[in-house]
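1. turn this into a model:
(one chain, ligands or ions: 2)
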Amino acid sequence: MKIIAIANHKGGVGKTATAHALGTVLATDYDWQVLLVDIDPQSSLTGACGVGDTAGEGLAEVLGGATPGDIAMSEVITQLDDGLYLAPADLALAATELGLVSRMGRENVLKKALATVNGDYDVAIVDCPPSLGLLTLNALTAADAVLIPTQPQVVDLRGLRLFMDTLDQIRVELNPELETLGVLPTFYDRRLNHHKAALGAMERAGLPLMESQIGRSVRVAEAAASGETVVTYEPKNPQAEAYRGLAQEINQWLKSKVNR
Ligand SMILES: Nc1ncnc2c1ncn2[C@@H]1O[C@H](COP(=O)(O)OP(=O)(O)O)[C@@H](O)[C@H]1O
Ligand SMILES: [Mg+2]
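-> Ligands and ions are numbered 1, 2, ... in the order given. Next comes the predicted model:
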């Protein structure tokens, strides 16, 4: 099982929408066995998957806090569709993050939990919270690769550089094998000069850009509100097409890593 973290220290950049759409297309169009992993205490991915209350059986109970959790990873995973599964989250993960501070091996907790289901899925897609706290560090320690959704704004460039520097630190201290899949421009509008300028600045700064770009569509938010992703909600929507393009890029990467 390969593990992809969808991460950015900023919120509202489309991490959750990307995790959900990417996982859905990889499962339905490419027949991978996909595990979506929600490690955001705000549990937007869990909500967008149409899963309500986890009834005390979510990732918080698997990961634990100051002390190890008391439920197995496999027990909290629910099937969403053919080849598509979810390890759900709820607000209890906020307490997990606080508790982890005093836990021995605190950065490795998610990695160990995912190792217990390693043979059951081809790929796990981990939707990170909008911070560089211990939950995100756990995701980046567990991950084989990271995808970084970003709004194309020049003012965000410095923050993005700092995030990339953090990835370098994580490679030195915690996870030497961590690959960068790339920066994914989201909410991108090619008609806006300042968006084009931001993309140009990212390229000149040597940031590894994905070939795909995700534009803005109210259907993306509508889909999430009705427990779906735009790729199933409105398959002909240009942003559904954009997510399929992204999935094609990730599928290439996955094929080079996983034998089946
Ligand atoms: N491409 C898009 N077009 C329009 N709205 C989007 C798009 N992607 C995400 N959204 C909406 O914007 C908000 C933030 O997106 P989300 O994926 O939750 O970001 P993050 O996980 O980075 O905080 C959500 O309401 C989501 O439905
Ligand atoms: Mg999110």
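
2. nearest spatial neighbour of residue 170, skipping sequence neighbours?
-> In space, and not counting its chain neighbours, residue 170 is closest to residue 140: 5.1 Å by C-beta to C-beta, 6 or more residues apart in numbering. From N, CA and C alone the C-beta is placed, and that goes for glycine too.

3. the strand or helix carrying that neighbour - contacts with which helices or strands?
-> Taking DSSP states H and E as the definition, residue 140 sits inside helix 134-142. Packing partners of helix 134-142 (3 or more C-beta pairs under 8 Å, 6 or more residues apart in numbering; DSSP states H and E): strand 2-6, helix 92-100, helix 109-115, helix 157-173.

4. CA atoms of it as CSV?
-> The C-alpha trace of helix 134-142 is given here as CSV (Å, rounded to 0.1, in the frame of the first residue of the first chain):
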residue,chain,number,x,y,z
LEU,A,134,1.4,16.6,15.2
LEU,A,135,-1.4,15.1,13.1
THR,A,136,0.0,16.5,9.9
LEU,A,137,3.5,15.4,11.0
ASN,A,138,2.1,11.9,11.5
ALA,A,139,0.7,12.0,7.9
LEU,A,140,4.0,13.2,6.4
THR,A,141,5.9,10.6,8.4
ALA,A,142,3.7,7.8,7.2
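
5. so residue 36 is in contact with residue 49, correct?
-> Yes: counting by C-beta atoms under 8 Å, residue 36 does reach residue 49; the two are 6.8 Å apart.

6. between the two, what contacts are shared?
-> Both residue 36 and residue 49 are contacted by 20, 80, 86, under the criterion C-beta atoms under 8 Å, 6 or more residues apart in numbering.

7. restricted to strands, list those residues.
-> Assigned to strands by DSSP state E, the following of the shared contacts of residue 36 and residue 49 qualify: 80, 86.

8. ligand 2: which of the shared contacts of residue 36 and residue 49 is nearest?
-> The nearest member of the shared contacts of residue 36 and residue 49 to ligand 2, counting by C-beta to the ion, is residue 20 at 9.5 Å.

9. related to what we said a few turns ago, quick check: next helix or strand after the helix holding residue 140?
-> Per DSSP H and E, the helix or strand that comes after helix 134-142 is strand 145-150.

10. what packs against that following strand?
-> strand 2-6, helix 15-28, helix 157-173, strand 179-185.

11. quickly run through the sheet partners of it, with directions.
-> strand 2-6 (parallel), strand 179-185 (parallel) (DSSP bridges).

12. tell me, how many residues neighbour residue 157?
-> Counted with other C-beta atoms under 10 Å, the neighbours of residue 157 add up to 17.
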